[in-house]
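*Asks:* Only the shape, not the letters, is given here:
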């Protein structure tokens, strides 16, 4: 009897738990799914309220096609976004791996000063130094270039990713390097062949954060990229949503937002482990 | 980079890496690119902000040194103070709202149980989407004619004519709060979860044996032991909210009637719409001082508990 009651109690608790979990999950995921589904409506239907969210008058890619007809087109901004994000990932990984290795394994003048300098930039909001960055880029001849934007994004990533990489290298036992040295490994071989495979999880983490940071950044891109041919997706889509290309086409907005969200979601779902690791590393420090 | 490093590499030796000598200097080459980037895109601009704030600096033409005049002008700039006041108000409300949602979620997913990982993934998904994407998405959902909320409420008979959520301050403001909570709660949840998981299980069990109820345990064990995590989540939320821009620019354009201009938004307007670069720099300095002060408070709150290390 008592067992039956406790079994029923357990079932009720489980039911309550999972209903809460499912309702909360739906609330968090619904806006994303709603947009992605609505984007497949024909343009005439996409203008109406999204009830129901899925296409009722036939599946269509019209919204994506329209999107490509605004200004320089969706594809042009998507290419800009891809270029900026990929370059930010590559450069921030290269720069942070080198710096992380340097800070972890060598003693040189001003080492502590440089490390504190890099980490302390996290305290300064980049929003407050955008005007001078604009002037510096002009001086360097990088005004209105995607390369200039990449430089800014890489710098924004450095405090987190160098901290991450230094800790990753610190965790590698020195005996491994000594053994490799005895086998005659030079500095380059040591870093690329011996050390890099050991700190690989850290590299994936910083690459993921660099991609998401660059892909999603809005204010710096809005301020620094003034030519429409250099717009990244967020800037392009905001221009469209503000009515800069005539009446607002909400179907095109849905399609554009979907294009902006999907890469982030795929990368997160595939590399979730590394993402959480990065957050933990930041939280536990 | 690597070729330079390789050519200066000393011949293989069995000695320790820490041995003094030329090889240690190579470290400088390894960190040089990072230091150069931080110099060009951070340190120099930071110095320039301070320098420009003492000038009348239009986009075109000559700039002139005017001492502290920009700062005196800030004191009289009621719209900036209003923006700062609004930013503060938004920061307090949104932080409370985020914690009110994120803390229960963190407790919900803390223990490994069936499906917990799946729920956690779902709750977290909006956090990896950018603020700009989220704002664009919600600007559609909030639209009076083509959006979701107002037409759905109308269809359900909850309101007798379509209501524009973005036309007046209160509904517009709370719509933004809802959007930000949706976007950020999962992130705060993970931070809080790491804190919850770091509390030793036997401490909770001992308290249960001593007859402490769930509320007493939460107050006497969970909260004190989570001090550093709570402080971190709090600071991240506060610093992020003070710098809020994307959602107010994209969804509201600072409206209705300029009531939702945030501090960063006002600086953006002064610097890149009115092109008063010197004045914008002075405003930036004020914002910078506020955030650095906040960071120092953060370092103090995050200090290691006394006696422990």
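*Replies:* That came through, no problem. Just so you know, these numbers come straight off a predicted model, no measurement behind them.
*Asks:* Could you use CA atoms for every contact and neighbour count after this?
*Replies:* Noted.
*Asks:* Contacts (any at all) between chain A and stretch B:240-254?
*Replies:* Yes - Stretch B:240-254 is in contact with chain A by CA under 8 Å from any CA of the partner chain, via B:243, B:245, B:246, B:250.
*Asks:* The last one reaches residue B:136, doesn't it?
*Replies:* Yes - Residue B:250 is in contact with residue B:136 according to CA atoms under 8 Å; the separation is 6.6 Å.
*Asks:* Mind listing the shared neighbours of those two?
*Replies:* residue A:238 (CA atoms under 8 Å, 6 or more residues apart in numbering or on different chains).
*Asks:* Give the residue spans of the stretch 101-250 of chain A that score low on pLDDT.
*Replies:* For the stretch 101-250 of chain A, not a single residue meets the criterion pLDDT under 70.
*Asks:* just to revisit the earlier point, for the residues of stretch B:240-254 next to chain A, give me TSV that also has neighbour count and distance to residue A:137.
*Replies:* TSV is the format used below for the residues of stretch B:240-254 next to chain A (neighbours: other CA atoms under 10 Å in any protein chain shown; distance: CA to CA, whole Å):
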residue	neighbour count	distance to residue A:137
B:243	20	23
B:245	25	23
B:246	24	23
B:250	24	26
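*Asks:* Take those and write them to TSV, including secondary structure and pLDDT.
*Replies:* Formatted as TSV, the residues of stretch B:240-254 next to chain A follow (DSSP: H, G, I helix; E, B strand; the rest coil; pLDDT from 0 to 100):
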residue	secondary structure	pLDDT
B:243	coil	94
B:245	coil	95
B:246	helix	95
B:250	helix	95
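*Asks:* Using a markdown table, lay out these together with distance to residue B:169.
*Replies:* As requested, the residues of stretch B:240-254 next to chain A are exported to a markdown table (distance: CA to CA, whole Å):
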| residue | distance to residue B:169 |
| --- | --- |
| B:243 | 20 |
| B:245 | 17 |
| B:246 | 18 |
| B:250 | 16 |
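*Asks:* If you tally nearby residues, what's the number for the residue lying closest to residue A:67 once chain neighbours are set aside?
*Replies:* The shortest distance from residue A:67 to any non-neighbouring residue, by CA to CA, 6 or more residues apart in numbering or on different chains, is to residue A:252 (5.2 Å). Using other CA atoms under 10 Å in any protein chain shown, the number of residues around residue A:252 comes to 26.
*Asks:* and the gap between residue A:252 and residue A:216?
*Replies:* 19 Å (CA to CA, to the nearest Å).
*Asks:* ditto for residue A:85
*Replies:* On the measure of CA to CA, residue A:85 and residue A:216 end up 9 Å apart.
*Asks:* Quick one: name whatever helix or strand follows the longest helix along chain B.
*Replies:* In chain B, taking DSSP state H as the definition, the longest helix is helix B:78-110. With elements assigned by DSSP states H and E, the helix or strand that comes after helix B:78-110 is helix B:116-128.
*Asks:* and that following helix with helix B:78-110, angle?
*Replies:* Counting by axes from the mean of the first three to the mean of the last three CA atoms, to 10 degrees, helix B:116-128 lies at 160 degrees to helix B:78-110.
*Asks:* And the contacts of the next helix or strand after helix B:116-128?
*Replies:* Scanning forward in sequence from helix B:116-128 by DSSP H and E, the next helix or strand is helix B:131-141. Residues from elsewhere that reach helix B:131-141 (CA under 8 Å, 6+ apart): A:31, A:35, A:216-218, A:234, A:237-238, A:241, A:250, A:253-254, A:257, A:260-261, B:126, B:146-149, B:179, B:183, B:246-247, B:250-251.
*Asks:* for stretch A:79-99, same thing?
*Replies:* A:146-147, A:149-151, A:153-155, A:157-158, A:161-162, A:165-166, A:203, A:206-208, A:210-212, A:214-215, A:230-233, B:30-34.
*Asks:* The same query, at a cut-off of 7 Å, please.
*Replies:* Here stretch A:79-99 makes contact (CA atoms under 7 Å, 6 or more residues apart in numbering or on different chains) with A:146, A:150, A:153-154, A:157-158, A:161-162, A:165, A:203, A:206-207, A:210-211, A:214-215, A:230-233, B:30-31, B:33-34.
*Asks:* same thing with stretch A:248-266?
*Replies:* Everything outside stretch A:248-266 that qualifies as a contact, by CA under 7 Å, 6+ apart, is A:35-36, A:38-39, A:43, A:46-47, A:63-64, A:66-67, A:212, A:233, A:237, A:240-241, B:125, B:128-129, B:133, B:136-137, B:140.
*Asks:* One more: stretch B:223-231?
*Replies:* By CA under 7 Å, 6+ apart, stretch B:223-231 touches B:191, B:192, B:195, B:196, B:199, B:301, B:302.
*Asks:* since we're on the second one, how many residues are nearby?
*Replies:* With neighbours defined by other CA under 10 Å, the count for residue B:192 comes to 27.
*Asks:* did I read that right, it in a helix?
*Replies:* Yes - under DSSP: H, G, I helix; E, B strand; the rest coil, residue B:192 falls within a helix.
*Asks:* My read is that it contacts residue B:106, right?
*Replies:* Yes - look at residue B:192 against residue B:106 with CA atoms under 7 Å: they come within range, at 6.1 Å.
*Asks:* Give me the residue ranges of chain B where confidence is low.
*Replies:* Those would be B:1-22, B:304-309, if you go by pLDDT under 70 across chain B.
*Asks:* Kindly provide the distance from residue A:175 to residue B:136.
*Replies:* Taking CA to CA, one finds residue A:175 at 52 Å from residue B:136.
*Asks:* With residue A:227 instead?
*Replies:* Taken as CA to CA, the span from residue A:227 to residue B:136 is 21 Å.
*Asks:* again, but for residue B:25
*Replies:* 50 Å.
*Asks:* Show me where the stretch 51-200 of chain A has its strands.
*Replies:* Read by DSSP state E, counting those that start in this stretch, the stretch 51-200 of chain A holds no strands at all.
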